[in-house]
Structure formats: C-alpha cells, structure tokens
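Q: Structure for this input, please:
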Amino acid sequence: MSLWQSAVRQTLINRGDLSDSDKNQAEYGVSLHAQSEQTGKPPVVTAALPQGAGQSKVGPPAKIAEASKGTFDALQAHQKNDAAAPGLFSELHDFVMKYSSWDIQGWVQCGWYYMKYYVLAHLPPSYNDWQAHAPADINFGVIDYLLPKNSRVLMIGDWGTHMPDNAALLRQALKQFKPDVIIHLGDVYYSGTVEECTANVLDVLDAIMADVKPEKRPAFFTIPGNHDYYSGGAGFYRTIGKVNSGIAGCTQQASYFCLRTEDDRWQFLGMDTGYGDRNPVEQQAPILQVHEGAWHRDKLETFKGTTILLSHHQLISAKEKLNGGQRPYLNENLYATFKQYFDRIAAWYWGHEHNFILFQNDLAIQKGDPPLKKGRLIGCSAYEETQSANPYAINNPPAKFIKNMPLLKLSDYKTGLQSFYNHAFAVLEVAPEKIKASYYEYPSWGVTGGPSEEPGIGAPLYQEELKPMR
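A: Numbers count the residues shown, from 1 in each chain. Below is the predicted model:
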C-alpha cells in the first residue's frame, strides 16, 4: 500500500490540470483506502472536504477510495498471474468510472508508477557495507566534520511527509534554536522513492533554508526507516549524497554514521534498522547487517567518551509487539548487540512509533545486564497520530515510563471528525560536562484546517540532563 500511495502521489504531482484542493482530495481518498486495507473495515470519511469539493474534478473521497481499491486489486491480480483477472486496464475503465470522475488516464498513470516502484522494491536493496570496500575500512561512515564542543543538535523523527505542519515545525525550530546539526531518525513517506525523497526532504530543506536564511546552514544527517527501503532505498542514498553538498566535511557515506564532538567527549552513533524491515510481511523486529554490528562495536569500544545511540526502530515498546517470544516488548537482537555497552550509552533515541515517550531511567531489562540509562521515543515530528489510535496504550507493562511523564496534547486544529496529537522534537545542547535535552511539542493540522499563521514554539514539555558516563 505504501508503494501504491507513492504512485498516486507522483501522478498527482505531475497533473498540472488539477487544483491543489483536488490533489489533496484524491490523496485523502486513497489514504482512506489504505486505512481500510490495514483495518479490514470499510473506508470511513473522517475529515472535512477541501473547499470547493462540490466542483471537484476527482470526485468525493469515498468514491476515490473505491476507485483506488478497484485499480489496486486489478494490479495485484495481474502480479499474481490470476487467470480470472481481466486484461490489465481492459475492464478498468468501466469500473473506475462508476466511482470517480477522475479520468481513466490518471489511474493508468498510477498503475504505471506502481509497477515501476514494485520492480524497484524487489531488486536487491542498496546498502554501503564498510567491509565491502577495498581495502575494508572500519572508519568508513565516520563523519569528518566535528561538532563544536559547545553546540546544538535538533532531533526529529518520522519527518518526511511533506505536510504543511512538518515544514512549519522545522522552520520554527531553526529560527528559534539555530542548531549546528539536524538529525533525522528516519522514514520518508510513503515508500522513500527518489521523487518523494526529493520533494519531502531535499526541496523542503532548501525552501526552509531560503526562508530562514541561517548564518550557517546546519548539516542534515539521517538514518533510514522501513519506509525508506520499501522502494529499494535509492531515494535515501540520493538524499545523503546531496543534502550536505557544499558543507565541508559533512558527507554521509552510509546508512549508518558516527558524528563526534571536537573534544572527543560525545559521539552520536546512528544505525540502519530500516534494511531489516523492508518487507512488512515479516513481523520479527529488525536486525542489523552482520558487518554493521561489528562497526558499531568498534565505535563503542574504541571511543573514550560517551555515546548517544540512534535508531529508527525501537528497542522497547509499551504498545507494539516486537516479536513472538517471551519478551514481546523487546527487540532481542538489538538488545543482544548493545546491552554490554549500556554503561557508556547516556541515551538511546528512536522513532518508528508515532509518539513521544520517555521510558523509565535506568531501566533494568535483564538481571545481570547494565540498565538502559535513558530510552527515548521521538517518532512524531510529522506523522499525524489520531486520538482513536490510542498511542499511549500500555500492552507491555515491563516497558515502563518515567513517573509523571508529560503527554502530548491533542492539537487545537481539529480536522473534520478526527483529533490528532501534536508533534514533538528534541533539542540537545551539547557541552563537555553534560548535554541538556529539551523536548518540545508543536501543533499538527494536516493539509486542511490549520492556523492562518505558523505558530511559534512554546515552553519545553520536559528537560533533562545527559551526563558523561566515561
């Protein structure tokens, strides 16, 4: 479904004859279809229609959802070589016209892009393995640029949606905090195609920088999520090859990275868990590539300072089932790889779940192992999480929260019948003796119903100190 939504998005981008409201309405209708596939329930229109929907060229969202399902089902039937399926698109015209006033050419174009992305997704994915270089270089992936010993890092997660509110969040954060570096914890939607990574990351960053005009453009480092790999990872690798062009020493060579301060007191160690979750049918929590595990162990064992660990996927989850074992709340593979180093990891940040959670400090996961000093979930810098999704559900009691944990508020900007939680991000003020971590929320509003002017950023939800551990 992510590939299908990517195909629809790209088709709409190329359609100059449709208004923005028509494009938003078509994309919303297809999202209803996607939600229906996920829940197994009929599509339910929960958002207000864009202005002028009565004169829409594409038809109402509910009908778009039906047409989307019909087109997608026909494509899947042919992928499966279903002998009972009609010739591709031969009967699609009559079906689509029952449900949508969007012309048949539009749906055919969606089908073409879907086939393209489907083929790319089933090719061997991209991955830059340090061991595969000749000669093998254990320092491949270490960023040449060194953070000033007194610096500021802006951290966002699951940010690549190309929505008005996620662009506003980053714009306002850059204006207020003037970070030296931006770190993204992964996921560019819907499936990390080259087109989406360009539009949702590279173009948005350029537009924001042109607007804010920072004295010095901050470098942007990112790790891939599962969505970045759904179409094969080409978009992600193009992004890291271009995003820091012109910023000396900031080339990111791989889907994992090591960024250190100039005084060697702190290192940010980002890993690639997206590669192991590129097939959503496999329900087991992702593992690292074999050689990447060795790479991280080298960085943890040879660095004399303290580490901030970064991943897209979670180590622990209070809500989600990560495996079918006796500890379904725990990514057993990641735990086995990193638990022996918890005495030198001041905090582990991750995304994937679209929420903001502060897990219990010094969380003892297994008797005899060092505790996890701080586990922090920041996967909600753009993706709208609904109230009905109940993101704070506790299905796994061992994944404990800190006492009196602040919760994200529901946005003041309600979209139709839906209530969305606010977004969140982190600002880390780095100094030799400590890192001051501040967590902020920012309103969410999707494509309609937003404020007339971008809101500023209020007081922090929570602040804490990360202390050196070595």
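Q: Tell me the first helix or strand C-terminal of the helix or strand of the chain with the lowest mean pLDDT.
A: Every helix and strand in the chain was compared by mean pLDDT, DSSP states H and E; the lowest is helix 92-99, with a mean of 51. Downstream of helix 92-99, the next assigned helix or strand under DSSP states H and E is helix 104-121.
Q: What is that following helix packed up against?
A: helix 2-13, helix 61-79, helix 92-99 (3 or more CB pairs under 8 Å, 6 or more residues apart in numbering; DSSP states H and E). Yep, even glycine has a C-beta here, placed from its N, CA and C like the rest.
Q: Among the ones you listed, pick out the one with the most neighbours on average.
A: Comparing the helices and strands packed on helix 104-121 by mean neighbour count (mean count of other CB atoms under 10 Å), helix 2-13 ranks first with a mean of 23.
Q: angle of that helix against helix 104-121?
A: Interaxial angle, helix 2-13 versus helix 104-121 (axes from the mean of the first three to the mean of the last three CA atoms, to 10 degrees): 130 degrees.
Q: Identify each buried residue in the helix or strand just after helix 2-13, please.
A: Counting by DSSP H and E, the element after helix 2-13 in chain order, helix or strand, is helix 20-39. The neighbour-count check on helix 20-39 (16 or more other CB atoms under 10 Å) flags 21-36 as buried.
Q: Could you do stretch 451-469 as well?
A: For stretch 451-469, burial by neighbour count (16+ other CB under 10 Å) applies to 454-455, 457, 461-462, 464, 466.
Q: Just give me the closest of these to Leu259.
A: For the buried residues of stretch 451-469, the residue nearest Leu259 by CB to CB is Leu466; the value is 15.2 Å.
Q: Identify the bridge partners of the closest one.
A: For Leu466, the beta-bridge partners are Ile435 (DSSP bridges).
Q: what's the distance between it and Trp348?
A: Leu466 sits 11 Å away from Trp348, going by CB to CB, to the nearest Å.
Q: quick revisit: need the helices and strands packed on helix 104-121 in TSV with distance to Ala207, can you?
A: Listed next are the helices and strands packed on helix 104-121 as TSV, based on distance: least, CB to CB, whole Å:
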stretch	distance to Ala207
helix 2-13	15
helix 61-79	28
helix 92-99	35
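Q: closest to Ala431 out of the ones you listed?
A: With CB to CB as the measure, helix 2-13 is the member of the helices and strands packed on helix 104-121 nearest Ala431 (40.5 Å).
Q: That closest one vs helix 61-79, what angle?
A: Angle, helix 2-13 to helix 61-79, by the same axes, to 10 degrees: 120 degrees.
Q: Tell me the spacing between Ala234 and Tyr127.
A: Remark: distance between Ala234 and Tyr127 (CB to CB) = 11 Å.
Q: what about this structure, any weak spots by pLDDT?
A: Residues of the chain meeting the criterion pLDDT under 70: 46-56, 82-103, 280-283, 414-417.
Q: how's it carved up into domains?
A: The chain breaks down by automatic domain parsing into domains covering 2-121, 130-466.
Q: Out of the buried residues of helix 20-39, which comes closest to Ala67?
A: Proximity of the buried residues of helix 20-39 to Ala67 (CB to CB) peaks at Gly29, which lies at 7.8 Å.
Q: From what I see, the closest one and Thr71 are in contact.
A: No - here Gly29 does not reach Thr71: they are 11.7 Å apart, not a contact under CB atoms under 8 Å.
Q: Pull up the overlap in contacts between Leu466 and Trp348.
A: Common neighbours of Leu466 and Trp348, using CB atoms under 8 Å, 6 or more residues apart in numbering, are 308, 374.
Q: And for Arg217, nearest residue in space, chain neighbours not counted?
A: Met209 (5.7 Å; CB to CB, 6 or more residues apart in numbering).
Q: swap that for Lys436, sorry
A: Lys436 sits nearest to Glu429 (CB to CB, 6+ apart), 4.3 Å away.
Q: Please confirm that the one you found is located within a strand.
A: Yes - under DSSP: H, G, I helix; E, B strand; the rest coil, Glu429 falls within a strand.
Q: give me the number of residues near Ala431?
A: 15 (other CB atoms under 10 Å).
Q: Same question for Ala132.
A: Neighbour tally, Ala132, other CB under 10 Å: 10.
Q: what's the answer for Lys339, then?
A: 18.
Q: can you check His122 too?
A: Other residues close to His122 by other CB under 10 Å number 11.
Q: again, but for Ala426
A: Quick note: Ala426 (other CB under 10 Å) scores 25 neighbours.
Q: do the same with Asp129
A: The tally of other residues near Asp129 (other CB under 10 Å) stands at 16.
Q: List the residues that contact it.
A: Asp129 is in contact with 289, 291-292, counting by CB under 8 Å, 6+ apart.
Q: and if we set it to 6 Å?
A: Residues near Asp129 by CB atoms under 6 Å, 6 or more residues apart in numbering: His291.
Q: Could you do Leu3 as well?
A: Counted by CB under 6 Å, 6+ apart, Leu3 has contacts 114, 117-118, 191.
Q: Look up the closest residue to it, ignoring the ones flanking it.
A: Among residues not flanking Leu3 along the chain, Tyr117 sits closest, at 4.5 Å (CB to CB, 6+ apart).
Q: how close does that neighbour get to Leu322?
A: Tyr117 is 27 Å from Leu322, by CB to CB.
Q: And for Trp295?
A: Trp295 is 23 Å from Leu322, where distance means CB to CB.
Q: and whichever strand or helix holds Gln267, what does it pack onto?
A: Following DSSP H and E, one finds Gln267 within strand 266-270. Counting contacts by 3 or more CB pairs under 6 Å, 6 or more residues apart in numbering; DSSP states H and E, strand 266-270 is packed against strand 257-260, strand 306-310.
Q: buried residues in it?
A: 266-270.
Q: tally of neighbours for Asp263?
A: Asp263: 15 surrounding residues under other CB under 10 Å.
Q: mind listing what the nearest residue to it once chain neighbours are set aside touches?
A: Here the nearest residue to Asp263 in space, its sequence neighbours aside, is Lys149; by CB to CB, 6+ apart that works out to 4.3 Å. By CB under 6 Å, 6+ apart, the contact list for Lys149 reads 261-263, 432.
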